[in-house]
Structures are given as C-alpha cells and as structure tokens.
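In: could you work out the structure for the sequence below:
(one chain, ligands or ions: 1)
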Amino acid sequence: MEPIIQIKNVTKTFIGKDNQVEALKGISLDINKGDIYGIIGMSGAGKSTLVRCLNYLEKPTTGTVVVEDQDLSTLTEAELRKVRTGIAMIFQHFNLLMQRSVLDNVCFPMEIVGVKKQAARKRAMELLEIVGLKEKADAYPSQLSGGQKQRVAIARALANTPKILLCDEATSALDPTTTKEILKLLQDINKQYGITIVIITHEMAVVQEICSHVAIIDAGELAEHGTVEEVFSRPQSQAARKLVFMVDPKAKEMSGKRCIRIVFTENSSFEPVIANMVLECKAPVNILLADTKDIGGIAHGQMILQLPEDEMAANKMIHYLQERKLEVEELKDYVG
Ligand SMILES: Nc1ncnc2c1ncn2[C@@H]1O[C@H](COP(=O)(O)OP(=O)(O)OP(=O)(O)O)[C@@H](O)[C@H]1O
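Out: Next up is the predicted model:
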C-alpha cells in the first residue's frame with residue numbers, strides 16, 4: 001500500500017507568555033491511499049493540532065509531513081496553497097457562510113481558484129445531488145438542520161476534487177442517527193471517489209463505524225496504531241483500553257479484582273463455553289462485560305470475567321479456556 005500522508009517524528013510546542021505546551025511529542029504515522037483513518041484521543045490529547053499539521057495550517061516545531069511525496073516544509077507559500085487545494089476539511093460546527101445560499105457556499109472554493117461561475121454552479125449542483133440536498137440549493141444555512149449543514153460542508157469540501165478529506169469532530173454536534181447518516185455518506189464518498197479520509201474524533205463508536213485504521217493519541221504521544229480490528233480487539237496500551245472500555249459503566253468496578261478478558265475472533269456464541277467451564281470447574285464466575293461488535297464486517301466478541309476467589313478454580317478456568325484456543329488475558333488495573 002502506498003502512503004499518501006507520512007508523518008515523521010512530528011513535535012509541536014506552543015510557547016506562551018509564561019508557559020509552554022508540548023502538544024505533540026514525536027508522532028510518526030503513515031496513512032495510505034484510500035484509508036479511512038481515525039485519530040482518536042481524549043480531550044486535549046493533541047488530535048486537532050496533529051490534523052492541522054497535515055495541511056500545514058500549523059507548522060510542526062520539528063519533524064516532517066510528506067503529502068504525496070512532497071515534504072511540506074520545503075514548499076513555498078504558493079506551492080503550499082496548491083497542496084491545500086487537494087486537502088479539504090470539514091468541522092464540528094460546519095463553518096458555512098451564513099449570508100450565502102447553499103449553492104453559493106458550495107461554489108465558494110471554486111470561485112477562489114478561478115472556476116467560471118457557470119461551471120462552478122453546474123458542479124455545485126452535481127455535488128449537492130451526491131450529498132442528497134439538491135432541493136435545498138436556494139436555501140440558507142440557517143434554514144437547515146445540523147445534518148443538512150454538514151452535507152453542504154461535505155459538498156463544499158469536495159468542490160475542488162480533493163484527494164484527502166480531513167474531518168475534525170465532524171459528527172460531534174449531531175445526534176446518533178444523523179451521525180450514522182453522515183458517516184455513511186463519508187464512507188460512500190471514500191468508496192466511490194477513492195478519497196482518503198482522516199477522521200478526528202473522541203468517540204470510539206465513530207471509529208468503529210467506518211474507519212479502516214486507527215491511531216490513538218494520548219497526551220501528545222502515539223499510544224497505539226493499526227487496523228481497527230487489531231487495536232479494538234486487543235488494545236495494548238492503557239490509553240487504548242481506556243477508550244475501548246470507556247463505554248461500559250461497569251468497567252470502573254473491575255479495577256483491583258482478578259479479572260480476565262477473553263477475545264473471540266469468530267462469530268460464535270459464548271454461553272456454552274462459559275457455562276461448560278463453570279460446570280467443569282465447579283465454581284461460579286461474574287460476567288462483568290460481554291459484548292460483540294461488528295468490526296470491519298467481522299463479528300468480534302469479548303468478555304470480561306471476574307474469577308472466583310479460589311486460586312485453584314481460577315487457574316483451572318484459565319487453563320480450560322486456553323485449551324479451547326481462546327485468547328485469555330489477565331487484567332490488572334487496566335482502566336487506570
Ligand atoms: N494555539 C495554541 N496555543 C497554545 N496551546 C495550544 C494551542 N492549540 C492547542 N494548544 C494546546 O495543545 C494541547 C492539544 O490541543 P488539541 O486541540 O490539539 O487537542 P485535542 O485532542 O484536539 O482536544 P479536543 O478534543 O478537546 O479538541 C492542549 O493542551 C491545548 O491547550
């Protein structure tokens with residue numbers, strides 16, 4: 001696979017009057033052509049700074065960003081503007097021009113690069129059709145719902161046929177149903193036009209819904225990266241585990257107890273395994289978390305069990321599961 005974006009040892013330090021913030025502390029990451037790449041992390045982790053470094057809206061303090069084999073640090077302002085035409089961006093609050101109609105919003109980036117008015121309007125109508133908003137061409141942003149506004153923003157982002165689309169918390173202001181619709185639209189655009197999409201989010205569900213790859217940023221560092229399947233089914237770092245398990249309110253209760261996590265990599269029912277194990281080992285277990293997810297079309301499941309106090313029974317259970325070729329991992333304070 002060919003990388004379209006290469007981030008190499010990028011650091012970014014903001015220097016204030018009497019303090020400095022190391023927002024990025026040496027991030028290296030390759031994003032391949034056609035990926036839908038999720039960048040996820042807690043608030044303040046450095047996600048927005050990282051994504052702004054990708055188009056040099058923010059210049060890294062050290063390190064390099066290479067987009068389509070061009071090292072951005074070597075480009076003149078004019079060359080950078082050209083590269084930026086190929087990297088579109090959408091935002092949490094849509095950033096539409098309120099005084100302009102939907103159609104004129106979509107025409108705007110084409111006007112800037114000198115596309116003739118008639119050609120721009122024609123293309124804008126085509127784009128509005130793609131995002132399903134043709135009938136709203138003459139409406140104004142204030143007359144649209146959040147989801148519709150984001151559709152206009154997507155149409156506008158596509159106007160100059162970008163190769164890369166950066167989405168900074170693009171669904172964070174939307175309700176769950178609208179979020180799904182917008183994510184589906186992004187997925188269609190990725191498939192149909194081969195546009196590489198980078199999604200910044202703090203929501204695991206967004207990554208799970210459409211991303212092929214994910215990078216987890218924690219306090220300015222890259223905690224983990226890989227395919228969504230790899231990272232979500234076997235999170236290695238504390239930061240990844242926090243994000244993956246954050247959704248479960250019970251997760252907090254688990255720390256400090258002897259717990260194991262079992263990972264199922266095929267679409268199988270867990271009950272018989274656990275029930276049989278309990279029968280065989282003659283001790284009960286507490287199922288703290290049982291959950292299956294559709295990750296990249298493959299059903300994955302995981303279960304977190306609290307083992308019995310009795311050491312022998314507990315060890316017997318681990319042995320029982322391992323014999324059945326299930327991955328068993330002992331969890332120690334993993335929610336932090
Ligand atoms: N222009 C700036 N000047 C000074 N500090 C900044 C600037 N931009 C970001 N920071 C700091 O850098 C760190 C990372 O911020 P960033 O916005 O990249 O995080 P984030 O992961 O996108 O967070 P959120 O999800 O809350 O938007 C934070 O501590 C932030 O305060």
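
In: now the helices for the stretch 101-250 of the chain?
Out: Remark: helices assigned in the stretch 101-250 of the chain by DSSP state H, counting those that start in this stretch are 102-112, 117-130, 146-158, 176-193, 204-210, 228-233, 238-245.

In: and the stretch 1-150 of the chain, which residues reach the ligand?
Out: 14, 16, 21, 23, 41, 43-49 (C-beta under 6 Å from any ligand atom). Backbone N, C-alpha and C define where each C-beta goes, glycine included.

In: pull out the buried members of those.
Out: 23, 41, 45-49 (16 or more other C-beta atoms under 10 Å).

In: now these as JSON lines including pLDDT and secondary structure?
Out: Shown next, in JSON lines, are these (pLDDT from 0 to 100; DSSP: H, G, I helix; E, B strand; the rest coil):
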{"residue": "23", "pLDDT": "96", "secondary structure": "strand"}
{"residue": "41", "pLDDT": "90", "secondary structure": "coil"}
{"residue": "45", "pLDDT": "93", "secondary structure": "coil"}
{"residue": "46", "pLDDT": "95", "secondary structure": "coil"}
{"residue": "47", "pLDDT": "94", "secondary structure": "helix"}
{"residue": "48", "pLDDT": "93", "secondary structure": "helix"}
{"residue": "49", "pLDDT": "95", "secondary structure": "helix"}
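
In: same list, these, but as TSV with distance to residue 186 please.
Out: As requested, those are exported to TSV (distance: C-beta to C-beta, whole Å):
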residue	distance to residue 186
23	26
41	20
45	22
46	23
47	17
48	18
49	22
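
In: what's the end-to-end length of stretch 8-22?
Out: Start and end residues of stretch 8-22 are separated by 16 Å (C-alpha to C-alpha, to the nearest Å).

In: can you list the domains in this protein?
Out: Domain assignment of the chain by automatic domain parsing yields the ranges 3-242, 250-331.

In: most remote residue from the middle of the protein, which is it?
Out: Computed with C-alpha atoms, centre = their mean, the maximum C-alpha offset from the centroid of the chain is found at residue 282, amounting to 43.1 Å.

In: low-confidence ranges, the stretch 151-300 of the chain, go.
Out: For the stretch 151-300 of the chain, applying pLDDT under 70 flags the ranges 245-257, 265-272, 292-300.

In: I meant to write the stretch 1-150 of the chain there.
Out: Confidence mapping of the stretch 1-150 of the chain against pLDDT under 70 gives zero matching residues.

In: where exactly do the strands run in it?
Out: In the stretch 1-150 of the chain, the strands defined using DSSP state E, counting those that start in this stretch lie at 3-15, 20-32, 36-40, 62-67, 70-71, 87-91.

In: quick one, which of those strands is packed in tightest?
Out: Most buried of these by mean neighbour count (mean count of other C-beta atoms under 10 Å) is strand 36-40; its value is a mean of 27.
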